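**Student:** below are the sequence and a predicted model; questions follow.
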Amino acid sequence: MILRIGDKQSAVESRSDSRRLVSIITPTYNHERFIGACIESVLSQTYVHWEQIIIDDGSTDNTEGIAKRYHDPRVRYCRQENQGLDNLAITYNRAFYASRGSLIAILEGDDLWPPHKLATMVDAFADSSVVLGYGVMGEIDVAGNIARRSAAIARKYRGLARSVLFNDPVLAAMPYMLTVPGHSMIPASTALIRRTALEAIGGFQYVPGQRYVDFPTFIKLAFQGKFWFFPEIMGYRRMYASSATAQFFEEMSEMSHRHLLELLAMPEFRLQEDELAEVLRSWRSVGAAVSFRRGRALLLGQQWREARSHFLKAIKPADLLVAMTAIAGWCLSWVHVDLESIYRKAGRPALRSGH
């Protein structure tokens, strides 16, 4: 059956198992196309000591009906009045405080896990100094096809020092995490968190005006203990045009910059001069990425002239790859073609299915 938050604890886990119980927080909204695959990726885990708390933010489609087709007692479903992205931390924390596990995982309703994820990651927490584990994020398209090429962040791990990847010593990762690429160092779909560390910082972090909770939470956890990095795919993020990230990337980038400046004003986030210079340098290039993403979305909407203006803004020498792709987008706009076929041929997820 599907359990409601507040119902009595299921007998699936024994008292001894509960010390290793993983509570999976799955926020979802209008994910009827994806929630089934999300749940099935959890049911396919080779590690069996888990509970999945699906918290539906007032979906208006058939998300609830599909979730209720799964009768495993470890799956718990809760529906709430719509809180929206601005209150996402409230949604996360509602599920967190209803959970029972000593380890907390995040799997949003449109994302997936590989079957070995939990079995591979749980043992890292035998080391009491480890507060967070994470791995490489894979990408899938709207139809669930796995990208042949690794996401950009996966390639960037190769150049990072072990001290940064493992936050060892504690706070070694913090300067990098404040840079633009460092904001996505820990993909939410790959993360596994020690419950006591999350409780110590007051749960998932709410930052006024922010539309995400992962970075503000992970940067606070960097003060609590060490990380454990797994150099393999531990989660898949779905890339599609109507996802929250795709729709609100520009706003989220602006809010991230504002949050960064607030953090840098705090004594605990004081950096060395060279570290601060690198953080500020990285943020100077974010405008090109924002313009490129906007241009790509406008191509999908067949707004050719508007797309060209955004691609021109994205052509900056500071980011050669973005600039080259923006030039391709600008050229394609004149012949009324979008970029998605190029992404598919390059082994990257397209924002819409191919024909």
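**Tutor:** That came in fine, so what should we check first? Residues are numbered from 1 along each chain as shown.

**Student:** give the other helices and strands that the one helix or strand residue 282 maps to contacts.
**Tutor:** Here residue 282 sits within helix 273-284, counting by DSSP states H and E. Under the contact criterion of 3 or more CB pairs under 8 Å, 6 or more residues apart in numbering; DSSP states H and E, helix 273-284 touches helix 174-177, helix 244-264. For the C-beta atoms, the positions are set from N, CA and C on the backbone; glycine is no exception.

**Student:** how far off centre is stretch 327-347?
**Tutor:** Stretch 327-347 sits 26 Å away from the centroid of its parent chain (CA atoms, centre = their mean, to the nearest Å).

**Student:** residues making contact with that stretch?
**Tutor:** 147-149, 292, 295-296, 299-300, 302, 304-305, 307-308, 311-312, 315, 325, 349-352, 354 (CB atoms under 8 Å, 6 or more residues apart in numbering).

**Student:** please point out which parts of it sit buried.
**Tutor:** Burial within stretch 327-347, assessed by neighbour count using 16 or more other CB atoms under 10 Å, is assigned to 329, 330, 332, 333, 338, 339, 340, 343, 344.

**Student:** farthest-apart pair in those, please.
**Tutor:** Within these, 330 and 344 form the most distant pair, 19.7 Å apart (CB to CB).

**Student:** picking up where we left off before, would you list the buried entries among the contacts of stretch 327-347?
**Tutor:** Buried among these (16+ other CB under 10 Å): 147, 292, 295-296, 299-300, 304, 307-308, 311, 315, 325, 349-352.

**Student:** could you chop this structure up by domain?
**Tutor:** Domain ranges of the chain: 17-238, 244-345, per automatic domain parsing.

**Student:** tally of neighbours for residue 60?
**Tutor:** When neighbours are defined as other CB atoms under 10 Å, residue 60 has 9 of them.

**Student:** next one: residue 180
**Tutor:** Applying other CB under 10 Å, we find 18 residues neighbouring residue 180.

**Student:** quick one: residues contacting the nearest residue to it once chain neighbours are set aside.
**Tutor:** Of all residues not flanking residue 180 in the chain, residue 282 sits nearest, at 4.3 Å (CB to CB, 6 or more residues apart in numbering). By CB under 8 Å, 6+ apart, the contact list for residue 282 reads 179, 180, 181, 182.

**Student:** against residue 228, how distant is the last one?
**Tutor:** Right, residue 182. 17 Å (CB to CB, to the nearest Å).

**Student:** same thing with the third one?
**Tutor:** Residue 181 sits 20 Å away from residue 228, taking CB to CB as the criterion.

**Student:** of those two, which one has the most company?
**Tutor:** Neighbours of residue 181 and residue 228, each counted by other CB under 10 Å, are more numerous for residue 228; the result is 21 against 14.

**Student:** and that one, helix, strand or coil?
**Tutor:** Under the three-state scheme (DSSP: H, G, I helix; E, B strand; the rest coil), residue 228 adopts strand.

**Student:** and it, what are its bridge partners?
**Tutor:** Under DSSP bridges, the beta-bridge partners of residue 228 are residue 133.

**Student:** same check, this time on the one 5 residues further on
**Tutor:** With DSSP bridges as the criterion, the beta-bridge partners of residue 233 are residue 136.

**Student:** can you pull out the strands in this structure?
**Tutor:** Residue ranges of the strands in the chain, as given by DSSP state E, are 22-28, 50-56, 75-79, 103-106, 130-140, 192-194, 226-238.

**Student:** show me what the fifth one is packed up against.
**Tutor:** If you count contacts as 3+ CB pairs under 8 Å, 6+ apart, strand 130-140 packs onto helix 117-121, helix 152-156, strand 192-194, helix 214-221, strand 226-238.

**Student:** recalculate using a threshold of 7 Å.
**Tutor:** Under the contact definition 3 or more CB pairs under 7 Å, 6 or more residues apart in numbering; DSSP states H and E, strand 130-140 sits against helix 152-156, strand 192-194, helix 214-221, strand 226-238.

**Student:** send me it as CSV with only the CA atoms.
**Tutor:** This file holds the C-alpha atoms of strand 130-140, laid out as CSV (Å, rounded to 0.1, in the frame of the first residue of the first chain):
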residue,chain,number,x,y,z
VAL,A,130,32.0,11.6,6.4
VAL,A,131,28.8,13.8,6.3
LEU,A,132,28.1,13.7,2.6
GLY,A,133,28.7,11.3,-0.3
TYR,A,134,28.2,12.2,-4.0
GLY,A,135,29.2,11.0,-7.5
VAL,A,136,29.1,11.8,-11.1
MET,A,137,25.8,12.9,-12.7
GLY,A,138,24.7,11.4,-15.9
GLU,A,139,22.2,13.1,-18.2
ILE,A,140,19.1,11.7,-19.9
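
**Student:** noted, bye for now.
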